[in-house]
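Enquirer: model the following, please.
(4 chains)
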Number of protein chains: 2
Amino acid sequence: MKIDPNSSANLSAQIAKAIRDSIVAGDLIIDQRLPSEAELADYFQVSRPTVREALKRLAAKSLIRTQRGATGGAFVNRISFEEAYSDHVTTSTLLLSMNAVSFDTACEARYALERACAPLSALRRTPDQLATMRGEILRQSQPSLTDESFCESDVAFHRALVDGAANPVLSYQLAGSIEAMQPLMNMITFSARSREKIISLHSQITDAIETRDGTAATLGLNDLEAETRSLATSVFADRSP
Amino acid sequence: MKIDPNSSANLSAQIAKAIRDSIVAGDLIIDQRLPSEAELADYFQVSRPTVREALKRLAAKSLIRTQRGATGGAFVNRISFEEAYSDHVTTSTLLLSMNAVSFDTACEARYALERACAPLSALRRTPDQLATMRGEILRQSQPSLTDESFCESDVAFHRALVDGAANPVLSYQLAGSIEAMQPLMNMITFSARSREKIISLHSQITDAIETRDGTAATLGLNDLEAETRSLATSVFADRSP
DNA sequence: TGCTTTTTAAATGTCAGACTTTTAAATGTC
DNA sequence: GACATTTAAAAGTCTGACATTTAAAAAGCA
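Expert: Numbering: from 1, shown residues only, chains lettered A, B, ... in the order given. Sure thing, here's the model as predicted:
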């Protein structure tokens, strides 16, 4: 079933890999209980702390969950989209910051992907999602809003737009592009004039989504991308000299 | 800097979270060395095994790497796109299988996102990427190819297409949609006739990419999606009764 | 002096054994 | 039969030790 060569190094990593492979391959079914730590230690011929380190590695990836008590143990975990969401956002955020991805590159990816969702969202959005979009636009119109809150609302708006496509895979993948951009967006200072323009484009997009006009929504996103990028360009130009 | 309430439970998870937050917040810079396990144990007032479990959790997410020896220790790790790639594919694959995502849903997401890349790929693809696409088409034309290898080549073709957009963020996000579909695609038996049609569409798309015609490439992907979905529908219809 | 070799110390990796806490099931009592 | 008590299994945690790796310091030598 699972083997473990004693050569080379890092037993806990090897054990974690062996168990992970079994899960990915489907040998271990969802909610299935793994052997107890003591049994695993015996099976792999290592100590319990080593097994525990391996299990913690798997728990960190949400591949297993552990439960204390009499009928406790480690169980293969069902990875839900909601759970995976925040992890994906964190990783994407770190990828952007650690690899010095430019604002343009991140922005281009974000809007390219978001345009892909627009036609589907126009087709399927629920009244609730439409109301969320309108609500966020209203919130963005409050002049007292800080730049950070403005960005936050912007993310909520776009998230509703994407969720409108009613495709969990799209929502999940898009999360990494939209939410991960927030730190970059937070570097921008939004003037009253630029906020006004963004809000107007948001309204335009929402109108298109409301009237089931996917093409118009896509065009609106085009304009919004252009506006965002020119805004960023001017902000960064002002700052560097 | 980092705190740790002794209430509730799971110390290693709390410690891992504290350190992760420090990394995400930028308090811990890339390649910076964390305190030694003994120092961390002293700081958090826990034992060394508990600290180690926390560090293994972080290592599982590639947030840190550990090094043995005199100047060794745990270091904040630079997460590269290449590294994150395979993790993202694994997670996406598990998300699809564990949540019983339908072929249609996954397929729709995949092609929607891929169409987003097509115009950029038409603009920026290198001769190398074009050659890769042509090469994969050639490979797909060999009748002796197994269905699994055909799918593998299909993934390679689409990956080259996406990479042509020269945007690492797009390539990364798309990986989760394209490669994660492979297990679903492997359930399909490709007749000679259906292979022929897919190859023809691949050629059509490649031609469009070669002539920098983003619109034609997008239309080609539209047709390919329709073809793939109808193929899947008929295969699954044949199988269920 | 300058180079090579040896030693040393610091750090992670691993182990063994014990104790604590949680939890559910078995048992006992009314 | 319903409720309280006991019990056992399992994860969570701690202590202390030893093994292994690695780079830098120390020693030896030409």
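Enquirer: got the CA coordinates for the helix or strand hosting residue A:130 in PDB?
Expert: Using DSSP states H and E, the element containing residue A:130 is helix A:127-140. The C-alpha coordinates for helix A:127-140 follow below in PDB (Å, rounded to 0.1, in the frame of the first residue of the first chain):
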ATOM      1  CA  PRO A 127     -31.600  39.100  -7.800                       C
ATOM      2  CA  ASP A 128     -29.600  38.700  -4.600                       C
ATOM      3  CA  GLN A 129     -26.300  39.100  -6.400                       C
ATOM      4  CA  LEU A 130     -27.600  42.000  -8.400                       C
ATOM      5  CA  ALA A 131     -28.700  43.600  -5.100                       C
ATOM      6  CA  THR A 132     -25.200  43.000  -3.600                       C
ATOM      7  CA  MET A 133     -23.600  44.800  -6.600                       C
ATOM      8  CA  ARG A 134     -26.000  47.800  -6.200                       C
ATOM      9  CA  GLY A 135     -25.300  47.800  -2.500                       C
ATOM     10  CA  GLU A 136     -21.600  48.000  -2.900                       C
ATOM     11  CA  ILE A 137     -21.900  50.800  -5.500                       C
ATOM     12  CA  LEU A 138     -24.000  52.700  -2.900                       C
ATOM     13  CA  ARG A 139     -21.300  52.100  -0.300                       C
ATOM     14  CA  GLN A 140     -18.600  53.300  -2.700                       C
END
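Enquirer: the helix with the most length in chain A packs against which elements?
Expert: Assignment by DSSP state H gives helix A:214-239 as the longest helix of chain A. Helices and strands touching helix A:214-239, by 3 or more Cβ pairs under 8 Å, 6 or more residues apart in numbering or on different chains; DSSP states H and E, are helix A:103-124, helix A:192-210. No exception for glycine: its C-beta is placed from N, CA and C like everyone else's.
Enquirer: so which of those helices is the most packed in?
Expert: Highest mean neighbour count of the helices and strands packed on helix A:214-239: helix A:103-124, a mean of 22 (counted as mean count of other Cβ atoms under 10 Å in any protein chain shown).
Enquirer: mean confidence score for that helix?
Expert: Average pLDDT, helix A:103-124: 96.
Enquirer: hmm, residue A:92 is touching residue A:173, no?
Expert: No - using Cβ atoms under 8 Å, residue A:92 and residue A:173 do not qualify as a contacting pair, with a distance of 9.9 Å.
Enquirer: mind checking which of the two has more residues around it?
Expert: residue A:173 (29 against 26; other Cβ atoms under 10 Å in any protein chain shown).
Enquirer: which element follows the host helix or strand of that one toward the C-terminus?
Expert: Assigning secondary structure by DSSP H and E places residue A:173 in helix A:168-178. Proceeding N to C from helix A:168-178, the next assigned helix or strand is helix A:182-185, under DSSP H and E.
Enquirer: nearest to DNA strand C: which residue in chain A?
Expert: Among the residues of chain A, residue A:69 lies closest to DNA strand C, at 2.3 Å counting by Cβ to the nearest atom of the strand.
Enquirer: hmm, back to that, give the other helices and strands that the helix holding residue A:173 contacts.
Expert: On the basis of 3+ Cβ pairs under 8 Å, 6+ apart, helix A:168-178 makes packing contacts with helix A:81-98, helix A:103-124, helix A:147-163, helix B:81-98, helix B:103-124, helix B:168-178.
Enquirer: before we move on, back to that, pLDDT on the longest helix of chain A, on average?
Expert: For helix A:214-239, mean pLDDT rounds to 90.
Enquirer: tell me what angle that helix forms with helix A:147-163.
Expert: Angle, helix A:214-239 to helix A:147-163, by axes from the mean of the first three to the mean of the last three Cα atoms, to 10 degrees: 150 degrees.
Enquirer: and the angle for helix A:214-239 with helix A:192-210?
Expert: In terms of direction (the same axes, to 10 degrees), helix A:214-239 departs from helix A:192-210 by 160 degrees.
Enquirer: related to what we said a few turns ago, figure out the helix or strand that the residue of chain A closest to DNA strand C lives in.
Expert: Counting by DSSP H and E, residue A:69 is found in no helix or strand.
Enquirer: same deal with residue A:17?
Expert: Assigned by DSSP H and E, residue A:17 falls within helix A:11-25.
Enquirer: what is the mean pLDDT for that helix?
Expert: What helix A:11-25 shows for mean pLDDT is 95.
Enquirer: next structured bit after that helix?
Expert: Where DSSP H and E defines the elements, the next helix or strand beyond helix A:11-25 is helix A:37-44.
Enquirer: pLDDT on that following helix, on average?
Expert: For helix A:37-44, mean pLDDT is 95.
Enquirer: which residues are contacting whichever helix or strand comes after that helix?
Expert: Using DSSP H and E, the next helix or strand after helix A:37-44 towards the C-terminus is helix A:48-60. Here helix A:48-60 makes contact (Cβ atoms under 8 Å, 6 or more residues apart in numbering or on different chains) with A:11-13, A:15-16, A:19-20, A:34, A:37-38, A:40-41, A:44, A:64-66, A:74, B:12-13, B:16, B:49, B:52-54, B:56-61.
Enquirer: also near DNA strand D: which of those residues, exactly?
Expert: A:34, A:37-38, A:66, A:74, B:12, B:49, B:53 (Cβ under 7 Å from any atom of the strand).
Enquirer: going through these, which ones are buried?
Expert: Among these, those buried by neighbour count (16 or more other Cβ atoms under 10 Å in any protein chain shown) are A:34, A:37, A:66, A:74, B:12, B:53.
Enquirer: and the third one, helix, strand or coil?
Expert: Secondary structure for residue A:66, judged by DSSP: H, G, I helix; E, B strand; the rest coil, is strand.
Enquirer: circling back to that earlier point, now the helix holding residue A:173 against helix A:81-98, angle please.
Expert: 30 degrees.
Enquirer: show me chain A divided up by domain.
Expert: A:11-76, A:81-239 (automatic domain parsing).
Enquirer: which one of those lies closest to residue B:98?
Expert: Closest approach to residue B:98 among those (Cβ to Cβ): domain A:11-76, 6.1 Å.
Enquirer: one step back: restrict the helix holding residue A:17 to CA atoms and write it as CSV.
Expert: The C-alpha atoms that make up helix A:11-25 are tabulated as CSV, following Å, rounded to 0.1, in the frame of the first residue of the first chain:
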residue,chain,number,x,y,z
LEU,A,11,10.8,10.7,7.2
SER,A,12,7.8,12.8,8.1
ALA,A,13,7.8,14.3,4.6
GLN,A,14,8.0,10.9,3.0
ILE,A,15,5.2,9.6,5.1
ALA,A,16,3.1,12.6,4.4
LYS,A,17,3.7,12.1,0.7
ALA,A,18,2.8,8.4,0.9
ILE,A,19,-0.5,9.2,2.6
ARG,A,20,-1.3,12.1,0.3
ASP,A,21,-0.7,9.9,-2.7
SER,A,22,-3.1,7.4,-1.4
ILE,A,23,-5.7,10.1,-0.9
VAL,A,24,-5.2,11.6,-4.4
ALA,A,25,-5.2,8.1,-6.0
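Enquirer: and the contacts of helix A:48-60, which are buried?
Expert: Neighbour counting with 16+ other Cβ under 10 Å marks A:11-12, A:15-16, A:19-20, A:34, A:37, A:40-41, A:44, A:64, A:66, A:74, B:12, B:16, B:52-54, B:56-61 as buried within the contacts of helix A:48-60.
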